[in-house]
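K.L.:
can you look at this prediction? I've put the sequence above it.
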Amino acid sequence: MINLEIHREIHGKLMQRKNPTLLWGSLFENVWIGFVLNNHKNKDEITLNEILNFCERWIRSTTISDILKEERNIGALSLYAGIIFNLGDKNYAEEIQNSIKKKIIELDKKEKGKFSLFNSPEIFYSTIIGLAMSDMLKETQREILLKYALNEVEKHWYDKIYRFALYSAALFELKAEDTTINKIVNFLASINIKELSINEIIPLLWFIIKYNEDILKRVKNTELRKLIEDKKEKLWEQFENQYTYFSYELQTSSEDTEIETGTRYSLSTFELGMIDDFLACQEKVYKIDPNIIFDLLQLHPVIKDASEKLFKNKHYSEAIFAAYKALINYVKEKSNRKMLDGQELMGKVFDVEYDKETLKVKKKPILQLNELTTRENMDEQKGFMYLFIGSVMGIRNPRAHGLIKQEDPFKTLEYLSLASLLAKKVDEAKFNSDA
């Protein structure tokens with residue numbers, strides 16, 4: 001499921017959008033990108049520090065109370081405090097978060113506008129995740145935020161996937177009860193992936209990847225867990241099919257752009273950050289794509305040619321069998337002993353007979369791996385003979401009879417690497433025609 005090339009492209013486009021002075025624009029957009037970069041396995045410390053310095057200048061140019069008058073800035077400041085808390089500046093983070101906690105209580109008592117803290121998904125989520133990162137999501141503020149998040153659960157989400165994703169993520173951070181989580185999971189299971197547009201796929205995929213472990217921990221039913229995993233795979237397929245339609249130019253209109261034949265979808269900075277975030281999350285949680293490792297291993301051509309198609313089609317046992325069959329045939333060809341096979345072949349081709357006192361060679365091996373002048377040389381020749389014999393007896397033969405089923409791609413790569421090493425030793429060997 002992981003595609004490192006997509007992540008590199010998305011992250012590159014996100015970095016290209018950076019302005020020399022304003023970086024990504026508003027205080028909120030900059031802190032959101034800072035939050036995303038802070039979650040990367042390998043942090044871009046330089047860019048992260050640029051963002052933090054930008055935010056610090058903004059904050060120092062006025063007062064925290066003045067900044068919090070605009071509700072969009074509540075999420076930005078909370079996220080900023082969460083980041084610096086994690087980086088060690090706990091006192092300053094707590095000072096900011098205490099101001100935010102007071103603001104939450106104040107806003108709870110006021111009339112709520114369309115773009116208020118409680119009604120704006122990205123601001124609501126950012127406020128909560130920032131408080132959680134600062135270890136300050138407690139007591140009164142948690143109860144207030146949970147009240148508004150629970151209210152979202154009672155709404156019809158079918159045409160509001162963006163809200164569903166962010167408020168559901170918030171509910172996981174708020175440690176909502178199982179009854180609430182069950183409603184989220186059941187709705188998630190009911191979504192028809194094929195009917196979603198790209199502006200719905202992005203936040204939904206972000207939610208299901210970023211909170212995958214949390215979701216699966218709360219789902220006890222095995223069939224439902226499988227269904228959720230299947231939804232994730234199908235979402236990823238839809239994303240891969242549609243990401244080529246992305247336009248990385250900033251939108252000039254606030255209206256959503258639907259993807260149709262021949263049109264492109266303009267990503268907002270928030271969406272671009274969301275994609276970068278879930279791709280980075282995926283890299284941290286999942287093993288790297290085994291097909292990428294296969295390509296990077298530089299396997300011996302004989303082993304690669306025999307196993308590549310089978311391996312990449314996930315026929316792992318067959319790939320191993322084909323690789324070792326190819327190795328045996330390669331030894332036959334190089335030794336000119338095509339009538340021999342298996343253990344007998346490897347024993348006759350690589351065995352050396354010598355006087356243990358004088359080290360004088362009595363019978364040369366057909367394929368000689370070194371000069372055979374020292375005890376270490378003799379040990380290497382004999383040792384590799386046993387490796388070749390073992391590869392036939394312990395790996396090729398059981399698979400030839402279907403006794404072993406291999407389903408782990410990474411263990412398969414280890415088998416293929418051994419076959420490749422042995423094939424390269426054959427290349428290095430001297431052929432003794434008179435042996």
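P.N.:
In hand now; what should we look at?
K.L.:
so what's I10 up against?
P.N.:
L272, I275, D276, L279 (CB atoms under 8 Å, 6 or more residues apart in numbering). From N, CA and C alone the C-beta is placed, and that goes for glycine too.
K.L.:
at 10 Å instead, please
P.N.:
By CB atoms under 10 Å, 6 or more residues apart in numbering, I10 lies in contact with 3, 243, 246, 248, 267, 272-280.
K.L.:
which one of the residues you listed is nearest I67?
P.N.:
Within those, the smallest distance to I67 is 20.9 Å, found for G273 (CB to CB).
K.L.:
which element is the closest one on?
P.N.:
Element membership of G273 [criterion: DSSP states H and E] is helix 269-285.
K.L.:
for that helix, list every residue counted as buried.
P.N.:
269-283 (16 or more other CB atoms under 10 Å).
K.L.:
ditto for stretch 65-85
P.N.:
67-68, 71-85.
K.L.:
just stretch 316-333 next, same as before
P.N.:
316-328, 330-332.
K.L.:
taking those residues, tell me the two that lie furthest apart.
P.N.:
Maximum distance among the buried residues of stretch 316-333 (CB to CB): 25.1 Å, for Y316 and K332.
K.L.:
what is the least confident helix or strand in the protein?
P.N.:
Least confident helix or strand of the chain, by mean pLDDT, DSSP states H and E, is helix 397-400 with a mean of 62.
K.L.:
starting at the chain centroid, how far to the very next helix or strand once past that helix?
P.N.:
Toward the C-terminus, helix 397-400 is succeeded by helix 409-428 as the next helix or strand (DSSP H and E). The chain centre lies 27 Å from the centre of helix 409-428; the measure is CA atoms, centre = their mean, to the nearest Å.
K.L.:
what packs against helix 409-428?
P.N.:
Where contact means 3 or more CB pairs under 10 Å, 6 or more residues apart in numbering; DSSP states H and E, helix 409-428 is packed against helix 290-296, helix 301-312, helix 316-335, helix 342-350, strand 367-368, helix 375-390.
K.L.:
for K102, find the nearest of the ones you listed.
P.N.:
helix 290-296 (49.6 Å).
K.L.:
the closest one - what's its average pLDDT?
P.N.:
Averaging pLDDT along helix 290-296 gives 84.
K.L.:
so where's the chain shaky on pLDDT?
P.N.:
1-3, 156, 158, 250-262, 284-288, 398-404 (pLDDT under 70).
K.L.:
what's the domain layout of it?
P.N.:
The chain resolves into domains spanning 4-286, 294-431 when parsed by automatic domain parsing.
K.L.:
what about the strands in the stretch 101-250 of the chain?
P.N.:
246-247 (DSSP state E, counting those that start in this stretch).
K.L.:
now the helices: where do they sit in the stretch 151-300 of the chain?
P.N.:
Using DSSP state H, counting those that start in this stretch, the helices of the stretch 151-300 of the chain run over residues 161-173, 178-190, 198-210, 212-218, 222-242, 269-285, 290-296.
K.L.:
with distance to R8 added, can I get the ones you listed in a markdown table?
P.N.:
What follows is those, written out as a markdown table (distance: least, CB to CB, whole Å):
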| stretch | distance to R8 |
| --- | --- |
| helix 161-173 | 24 |
| helix 178-190 | 29 |
| helix 198-210 | 17 |
| helix 212-218 | 22 |
| helix 222-242 | 15 |
| helix 269-285 | 9 |
| helix 290-296 | 12 |
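K.L.:
closest one to N39 among the ones you listed?
P.N.:
Between N39 and the helices of the stretch 151-300 of the chain, the shortest gap by CB to CB is with helix 269-285, which sits at 5.8 Å.
K.L.:
what helices or strands is the closest one leaning on?
P.N.:
helix 4-16, helix 27-38, helix 121-133, helix 161-173, helix 198-210, helix 212-218, helix 222-242, strand 246-247.
K.L.:
list the buried ones in the first one?
P.N.:
This points to helix 4-16. Result for helix 4-16 [16+ other CB under 10 Å]: buried residues H7, I10, H11, K13, L14.
K.L.:
looking at the residues you listed, which is nearest E122?
P.N.:
After measuring those against E122 - CB to CB - the closest member comes out as L14, at 16.4 Å.
K.L.:
would you confirm that that closest one contacts F246?
P.N.:
No - counting by CB atoms under 10 Å, L14 stays clear of F246, with 11.7 Å between them.
K.L.:
now do the shared contacts for those two.
P.N.:
Joint contacts of L14 and F246 (CB under 10 Å, 6+ apart) are L267, L272, I275.
K.L.:
need these in TSV with distance to G130, can you?
P.N.:
Shown next, in TSV, are those (distance: CB to CB, whole Å):
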residue	distance to G130
L267	23
L272	20
I275	21
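K.L.:
so which of the residues you listed comes closest to K411?
P.N.:
I275 (31.8 Å).
K.L.:
in this structure the closest one contacts K13, no?
P.N.:
Yes - under the criterion of CB under 10 Å, I275 makes contact with K13 at 9.3 Å.
K.L.:
could you name every residue contacting both of those two?
P.N.:
With CB under 10 Å, 6+ apart as the test, I275 and K13 both reach F246, L267.
K.L.:
where's L416 relative to A323, distance?
P.N.:
L416 is 5 Å from A323, where distance means CB to CB, to the nearest Å.
K.L.:
so what sits against both of these two?
P.N.:
L299, H300, I303, K304, A306, S307, E308, F311.
K.L.:
I'd say the third one and L421 touch.
P.N.:
Yes - when contacts are counted by CB under 10 Å, I303 is listed as touching L421 (9.3 Å).
K.L.:
please say which of the two ends up with more neighbours.
P.N.:
I303 (27 against 15; other CB atoms under 10 Å).
K.L.:
mind listing what that one touches?
P.N.:
297, 319, 322-324, 326-327, 330, 415-424 are the contacts of I303 under CB under 10 Å, 6+ apart.
K.L.:
hmm, try it at 7 Å
P.N.:
A323, A326, L327, L416, A419, S420, A423 (CB atoms under 7 Å, 6 or more residues apart in numbering).
K.L.:
cool, and A189?
P.N.:
Here A189 is in contact with L224, L227, I228, K231 (CB under 7 Å, 6+ apart).
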